[in-house]
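In: Quick one: sequence and predicted model below, then my questions.
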Amino acid sequence: MCYNLIPRVYAEKDENIIFDETDEVLEIIFIVRGEVGVGFKLQNALDNKRYELTTMLGSQSFFADYHVFTNTRSEFCYIAPNNVEALSLSKRSLIN
């Protein structure tokens with residue numbers, strides 16, 4: 001299974017969205033270095049997107065496993081506010 005891990009780098013920039021609300025989730029993400037914010041998308045009167053992060057996941061954390069195994073869409077926004085190094089495991093590699 002370790003041969004199926006794919007390196008991911010999320011560079012620092014505004015609203016670097018890994019998964020947005022209602023996105024189809026096709027991979028499990030394992031955080032190696034950095035932090036990922038988890039939260040909700042809010043709409044303001046001008047219809048601009050704003051994100052409210054409620055928690056941060058640090059290194060040695062993983063997420064999206066529930067959505068991959070239950071074949072459901074994301075209920076939260078996952079955002080990389082700073083540089084994040086991660087590994088991903090795709091749903092397809094788990095099936096094969």
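Out: Everything's here; your move.
In: State the distance from T22 to R73.
Out: 5 Å (C-beta to C-beta, to the nearest Å). C-betas here are computed from N, CA, C, even on glycine.
In: typed the wrong thing, it's E35
Out: E35 is 23 Å from R73, where distance means C-beta to C-beta.
In: between these two, which one's more packed in?
Out: Neighbour totals were compared for E35 and R73, and E35 leads with 18 against 12 (other C-beta atoms under 10 Å).
In: Show the contacting residues for the residue nearest to the more buried one when sequence neighbours are not counted.
Out: Sequence neighbours aside, M56 is the residue nearest to E35 in space, at 4.8 Å (criterion: C-beta to C-beta, 6 or more residues apart in numbering). Contact analysis of M56 by C-beta atoms under 8 Å, 6 or more residues apart in numbering lists E35, V36, G37, V38.
In: Just name the closest of those to L87, please.
Out: The closest of those to L87 turns out to be V36 (C-beta to C-beta; 12.9 Å).
In: Now stretch 6-18: buried residues?
Out: By neighbour count with 16 or more other C-beta atoms under 10 Å, stretch 6-18 contains the buried residues R8, Y10, N16, I18.
In: Name the nearest residue to the first one, sequence neighbours excluded.
Out: Translated: R8. What sits nearest to R8 in space, not counting adjacent residues and going by C-beta to C-beta, 6+ apart, is A86, at 4.4 Å.
In: which strands and helices sit next to the helix or strand harbouring that neighbour?
Out: Secondary-structure assignment from DSSP states H and E places A86 in strand 84-90. Strand 84-90 sits against strand 5-10, strand 27-33, with contacts defined as 3 or more C-beta pairs under 8 Å, 6 or more residues apart in numbering; DSSP states H and E.
In: List of residues touching that strand?
Out: Residues outside strand 84-90 that contact it (C-beta under 8 Å, 6+ apart): 1, 4-10, 26-36.
In: Render the CA-only coordinates of the helix or strand that it is followed by in PDB, please.
Out: Of the helices and strands lying after strand 84-90 in sequence (DSSP H and E), the nearest is helix 91-95. These are the backbone C-alpha positions of helix 91-95, laid out as PDB (Å, rounded to 0.1, in the frame of the first residue of the first chain):
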ATOM      1  CA  LYS A  91      -9.800   5.700  -3.500                       C
ATOM      2  CA  ARG A  92      -9.000   3.900  -6.700                       C
ATOM      3  CA  SER A  93      -5.800   2.400  -5.200                       C
ATOM      4  CA  LEU A  94      -7.800   1.000  -2.300                       C
ATOM      5  CA  ILE A  95     -10.200  -0.800  -4.600                       C
END
